[in-house]
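Engineer: Build the 3D model from these lines:
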Amino acid sequence: MKKSIVIMLLLSIGTAVFAQKKVVKKATPKKSTTVVKKAVVPAVPQVDKKIATIPTFVLDNVVDSTAFTDANLDKTKKTIFIYYGPDCGHCVQFARKMMDSISMFKNTQIVMMSSVDFQRIKTFYYDNKMYDVPFITMGRDPKYAFVSLFDIRQFPSAYLYDEKGKFLKSYSSEVAIKDLINY
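Structural biologist: Numbers count the residues shown, from 1 in each chain. Okay, here's the model as predicted:
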């Protein structure tokens with residue numbers, strides 16, 4: 001028994017010693033190389049083709065329950081689409097700030113929309129006195145078309161288009177009024 005323990009101990013030690021053996025490779029002479037740094041080109045953000053231009057859409061107009069579509073837009077003005085939630089605290093603050101600066105948007109059409117029930121949208125519209133502003137359209141998106149089209153995850157979200165209907169920029173969650181004015 002003692003002999004088998006000693007043999008096993010010697011085998012373990014021998015294995016451990018040989019496992020620690022370092023393998024040394026012969027050095028091969030290196031060729032001289034010249035390293036040329038590549039210029040770093042900033043990536044251009046890719047715009048989804050579905051939103052590269054103002055998409056086809058249908059909203060229920062809060063004022064008169066008629067359909068409001070992309071055909072109703074003024075093709076000579078910039079367009080801002082704003083998706084919001086009438087019960088969202090950020091959205092309420094955003095609406096108040098926007099209304100305080102509304103004269104700065106007179107050459108822009110604003111399309112605000114939500115998917116919640118019609119009455120809550122209408123209350124938001126009247127509480128914020130948006131009915132006094134002819135270039136604001138308040139609509140309901142009953143089929144969540146804008147949510148899926150723009151992949152909306154936070155409120156408010158804003159999508160800016162130029163006079164030609166070309167997508168320029170988007171904002172999500174914290175939307176600064178000055179950014180919307182100066183685009």
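
Engineer: so what pLDDT did residue 111 get?
Structural biologist: Note for residue 111: predicted pLDDT of 98.

Engineer: pretty sure it is touching residue 78, no?
Structural biologist: No. With contacts defined as CB atoms under 8 Å, residue 111 does not count as touching residue 78, sitting 11.4 Å away. Glycine gets a C-beta too; all of them are placed from N, C-alpha and C.

Engineer: show me what contacts residue 66?
Structural biologist: Applying CB atoms under 8 Å, 6 or more residues apart in numbering to residue 66 gives the contacts residue 60.

Engineer: let me fix that: residue 142
Structural biologist: With contacts defined as CB under 8 Å, 6+ apart, the neighbours of residue 142 are 60, 115.

Engineer: Just list whatever residues bridge to residue 67.
Structural biologist: Taking DSSP bridges as the rule, residue 67 bridges to residue 60.

Engineer: doesn't residue 60 make contact with it?
Structural biologist: Yes. Taking CB under 8 Å as the definition, residue 67 is a contact partner of residue 60 at 6.9 Å.

Engineer: Those two: which is more packed in?
Structural biologist: The neighbour count for residue 67 versus residue 60, taken as other CB atoms under 10 Å, is higher for residue 60 (17 against 12).

Engineer: ok, now how distant is that one from residue 86?
Structural biologist: Relative to residue 86, residue 60 is positioned 15 Å away (criterion: CB to CB, to the nearest Å).

Engineer: How about residue 125?
Structural biologist: Spatial separation of residue 125 from residue 86 under the definition CB to CB is 9 Å.

Engineer: picking that back up, which one's more surrounded, residue 111 and residue 78?
Structural biologist: For the pair residue 111 and residue 78, the greater number of neighbours falls to residue 111 (24 against 19), based on other CB under 10 Å.

Engineer: List the contacts of the more buried one.
Structural biologist: The contact partners of residue 111, by CB under 8 Å, 6+ apart, come to 59, 68, 73, 79-82, 136-137, 139.

Engineer: any idea of the mean pLDDT in the helix or strand hosting residue 91?
Structural biologist: Using DSSP states H and E, residue 91 maps to helix 89-100. For helix 89-100, the mean pLDDT works out to 95.

Engineer: Neighbouring strands - and their directions - for the next helix or strand after that helix?
Structural biologist: As assigned by DSSP H and E, the chain's next helix or strand after helix 89-100 is strand 108-114. Each strand paired with strand 108-114, and its direction, by DSSP bridges: strand 78-83 (parallel), strand 136-140 (parallel).

Engineer: Mind jotting down where the strands sit in the chain?
Structural biologist: Taking DSSP state E as the test, the strands found in the chain are 58-61, 67-69, 78-83, 108-114, 136-140, 157-161, 167-172.

Engineer: And the closest residue to residue 62 other than its chain neighbours, how close does it get to residue 150?
Structural biologist: Once flanking residues are discounted, residue 62 sits nearest to residue 138: 4.2 Å by CB to CB, 6 or more residues apart in numbering. The span separating residue 138 from residue 150 equals 18 Å under the rule CB to CB.
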